[in-house]
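1. Below are the sequence and a predicted model for it; my questions follow.
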Amino acid sequence: MPRTAAILAGIVFATLSSNVARADFTGTLILLPPGCENTGFCKLGDNFGFVDSGNTGWEAAKGLLTDGASIPPWAQPLVGAPFEKSFIKAAIIHDHYCDRHVRPWRQTHKVFHEALLKSGVTPGKAGIMYFAVMIGGPKWAKLIKGKPCSVGGDCINQVDVTSAVPGGGLTIGSEGEVFVSRPDTYASAWFANTLAANLPDLKLKGDALTAEEVEAMAAKAMVDDFYFKHEDTIGTEMSIDLKIEP
């Protein structure tokens, strides 16, 4: 490699390492009652969070019930049992935000990767787990009122979400937002086959595997997927009236 290219590569690597280094957990993970890990169900004894490399905070509140992030079959050879120390912190944050759709699914899955690295998981293993949640993890997009548009202009293309999202459903956010969403597909044969097909290339990278490479591989594997083809906000012609009964 030419000397200039080598210097530039070193600068890029140092910058990425520095960004991850700035990310950190906040608070102490307290699981109650003592020994609850053996039962598979715990409650957070205090607020516990994570600040990512972009300085965005992610917090799971005191009192949250958790099963230690039920470890799906694909992760067991990599991680082990629920409440595994190298995995549980990242999993609690990730699962909490997957359930609540507070932020876009891409951002939510990426914080899982950062939190794994901060927990001491090797880059190679963290990358494989990131790929797994990118292709098989839950997905969601906020629906907004759309209108037909042909070319150019500040218009919002509309999507017929009722026919475009197989297996999808509608969920309501904490502030009344409407999301089209799909649960995880970890138990499907498609997921198992897709992960198995990509594992050799993922493992070949070893600890040099980057988040950007994982995202590119996931996008290729999911090229026809509704959520990969659309942004975090989708225009639709659907109209929903919410009524809150006293």
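-> Received, thanks. Numbers count the residues shown, from 1 in each chain.
2. now for the strand ranked longest in the chain, which elements pack on it?
-> Longest strand in the chain by number of residues, with DSSP state E as the criterion: strand 139-145. On a contact count with 3 or more Cβ pairs under 8 Å, 6 or more residues apart in numbering; DSSP states H and E, strand 139-145 meets helix 105-118, strand 178-182, helix 226-229, strand 233-236. C-beta: built from backbone N, CA, C; applies to glycine.
3. For it, which strands pair with it and how are they oriented?
-> Strand 139-145 has its sheet partners listed here by DSSP bridges as strand 178-182 (antiparallel), strand 233-236 (parallel).
4. between that strand and helix 105-118, how many degrees?
-> Compare the direction of strand 139-145 with that of helix 105-118 by axes from the mean of the first three to the mean of the last three Cα atoms, to 10 degrees and you get 150 degrees.
5. pLDDT averaged over strand 139-145 - what is it?
-> In this model, strand 139-145 has a mean pLDDT of 82.
6. and if you look at stretch 63-83?
-> Mean per-residue pLDDT for stretch 63-83: 69.
7. quick check, residue 171 in a strand?
-> Yes. Counting by DSSP: H, G, I helix; E, B strand; the rest coil, residue 171 is part of a strand.
8. what residues are up against residue 45?
-> Residue 45 makes contacts with 30-32, 62, as judged by Cβ atoms under 8 Å, 6 or more residues apart in numbering.
9. Quick check: phi and psi on it?
-> phi -80, psi -10 (degrees, to the nearest 10).
10. Just give the number of residues close to residue 183.
-> Here the number of neighbours of residue 183 (other Cβ atoms under 10 Å) works out to 14.
11. gap between it and residue 233?
-> Residue 183 is 20 Å from residue 233, where distance means Cβ to Cβ, to the nearest Å.
12. Also residue 63?
-> Counting by Cβ to Cβ, the gap from residue 63 to residue 233 is 31 Å.
13. With residue 102 instead?
-> 14 Å.
14. residue contacts, the closest residue to residue 27 other than its chain neighbours?
-> The shortest distance from residue 27 to any non-neighbouring residue, by Cβ to Cβ, 6 or more residues apart in numbering, is to residue 48 (4.7 Å). When contacts are counted by Cβ under 8 Å, 6+ apart, residue 48 touches 25-30, 59-60, 89, 92-93.
15. swap the cut-off to 7 Å and go again
-> Contacts for residue 48 (Cβ atoms under 7 Å, 6 or more residues apart in numbering) come out as 27, 29, 60, 92.
16. Can you turn the buried part of those into a PyMOL selection?
-> A single PyMOL command selects the buried members of the contacts of residue 48 (16 or more other Cβ atoms under 10 Å):
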select buried, resi 60+92
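17. got CSV for the contacts of residue 48, with secondary structure, distance to residue 44 and pLDDT too?
-> Converted to CSV, the contacts of residue 48 look like this (DSSP: H, G, I helix; E, B strand; the rest coil; distance: Cβ to Cβ, whole Å; pLDDT from 0 to 100):
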residue, secondary structure, distance to residue 44, pLDDT
27, coil, 9, 94
29, coil, 8, 93
60, strand, 6, 93
92, helix, 8, 91
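18. Which pair of the contacts of residue 48 spans the longest distance?
-> 27 and 92 (11.4 Å; Cβ to Cβ).
19. you'd agree residue 206 is in a strand?
-> No. When classified by three-state DSSP, residue 206 is found to be helix rather than part of a strand.
20. please renumber so the chain begins at 33
-> With the count now opening at 33, the last piece we talked about shows up as residue 238.
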